[in-house]
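*Asks:* Sharing a model prediction with you, sequence too.
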Amino acid sequence: MDSIKFFPMGEDALIMEFGDTMNIEMNNTILSWKKTIETAAIPGVSEIVPAYTTLTVFYRPEDIFAYHPFERLKELILQLSPPLSTIIKKKQIKEIPVCYEEPYALDLKFVADFNKLSIQEVIQIHISQIYPVYFLGFSPGFPFLGGMDSKIATPRRTVPRSTIPAGSVGIAGEQTGIYPLASPGGWQIIGRTPYQLFDQSHHQPTLLQSGDLIRFITISKEEFQALEGKHVD
């Protein structure tokens, strides 16, 4: 408990900070606390949002029933204890198909040239890792992934694109991620998945969730077209 720091964020949110190192152990700890707080069903808590090293707990101050809602919520959280034995557990790996061919791989050659690798080497390195989904953010369903090999790390584009197609798989620094919706962005685009990562009409709008593990697999343009727009449970 001593390692967790608590900070207010405005009048209706509490931030729990677990450290300054982004890794899978940190992510598992954060997700374990998220589940524990959700299970506790503390009156007034409205939403719990994980990030790389923090957990933000949103609440309705009028429902905390205390003169200092932040301090009272902090006290209630400190009374909880996540089960350490279940923080790290075996999870099923979800496979995300990606076409690394033109016209979907807008910046693949740049990434290869920047890292003095061949295009095929970049693809092989990218598909060889298992990536934990640390959290969703930026846009609905956008997965921030850990675990990318630094051999293909590449800076963001100097000039962001005004529109990046939905499903685009990109690299920014030592991170990789997937654009669930068409949007502006500056990540280096190395491929595209035909899967639909966000569908508001679906019973589960986001394909991926915090804590998931994913692996990218290569597909051809023909396979991409056959699978395009598919939302997988």
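*Replies:* Sure, I can see it. Predicted model only: the values in this text are computed from it and were never measured. Numbers count the residues shown, from 1 in each chain.

*Asks:* Residue 115: what's it in contact with?
*Replies:* With contact taken as CB atoms under 8 Å, 6 or more residues apart in numbering, residue 115 is in contact with 122, 151, 152, 153, 154. C-beta coordinates here come from the backbone N, C-alpha and C atoms, glycine included.

*Asks:* quick one: which of the residues you listed is most hemmed in?
*Replies:* residue 122 (26 neighbours; other CB atoms under 10 Å).

*Asks:* can you confirm that residue is in a strand?
*Replies:* No - applying DSSP: H, G, I helix; E, B strand; the rest coil, one finds residue 122 to be helix, outside a strand.

*Asks:* List phi and psi for the residue nearest to it when sequence neighbours are not counted.
*Replies:* Distances taken as CB to CB, 6 or more residues apart in numbering place residue 112 nearest to residue 122, at 4.8 Å, with adjacent residues excluded. The phi and psi values for residue 112, taken as degrees, to the nearest 10, are phi -60, psi -50.

*Asks:* let's number from 25 now, not from 1
*Replies:* Done: numbering now begins at 25, and the last item shifts to residue 136.

*Asks:* pretty sure residue 136 contacts residue 142?
*Replies:* Yes - between residue 136 and residue 142 there is a contact at 6.1 Å, judged by CB atoms under 8 Å.

*Asks:* if you count what's nearby, which of the two comes out ahead?
*Replies:* residue 136 (20 against 12).

*Asks:* Next, the contact list for the more buried one, please.
*Replies:* Contacts for residue 136 (CB under 8 Å, 6+ apart) come out as 142, 143, 145, 146.

*Asks:* Using a markdown table, lay out those residues together with pLDDT.
*Replies:* Output for the contacts of residue 136, formatted as a markdown table (pLDDT from 0 to 100):
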| residue | pLDDT |
| --- | --- |
| 142 | 98 |
| 143 | 97 |
| 145 | 98 |
| 146 | 98 |
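
*Asks:* of all these, which comes closest to residue 217?
*Replies:* Distance to residue 217 across the contacts of residue 136 (CB to CB) is lowest for residue 146, with 16.5 Å.

*Asks:* bridging residues for residue 241?
*Replies:* Applying DSSP bridges to residue 241 gives these bridge partners: residue 121.

*Asks:* for residue 165, what are its contacts?
*Replies:* Shown in contact with residue 165 (CB under 8 Å, 6+ apart): 204, 205, 221, 222, 229, 230, 231, 232.

*Asks:* Assign a three-state SS to it, would you?
*Replies:* Secondary structure state of residue 165, per three-state DSSP, is coil.

*Asks:* measure it to residue 53 for me?
*Replies:* According to CB to CB, to the nearest Å, residue 165 and residue 53 sit 24 Å apart.

*Asks:* Show me where this protein has its strands.
*Replies:* 29-32, 37-41, 69-74, 78-83, 117-122, 155-160, 167-169, 185-188, 192-196, 199-202, 207-209, 212-216, 237-242 (DSSP state E).

*Asks:* So, low pLDDT: which residues of this protein?
*Replies:* For the chain, residues meeting the criterion pLDDT under 70 lie at 25-26, 107-115, 253-257.

*Asks:* tell me which residues in the longest helix that the chain contains are buried?
*Replies:* Determined from DSSP state H, the single longest helix within the chain is helix 48-64. For helix 48-64, a neighbour-count test (16 or more other CB atoms under 10 Å) marks 50, 51, 52, 53, 54, 55, 56, 57, 58, 59, 60, 61 as buried.
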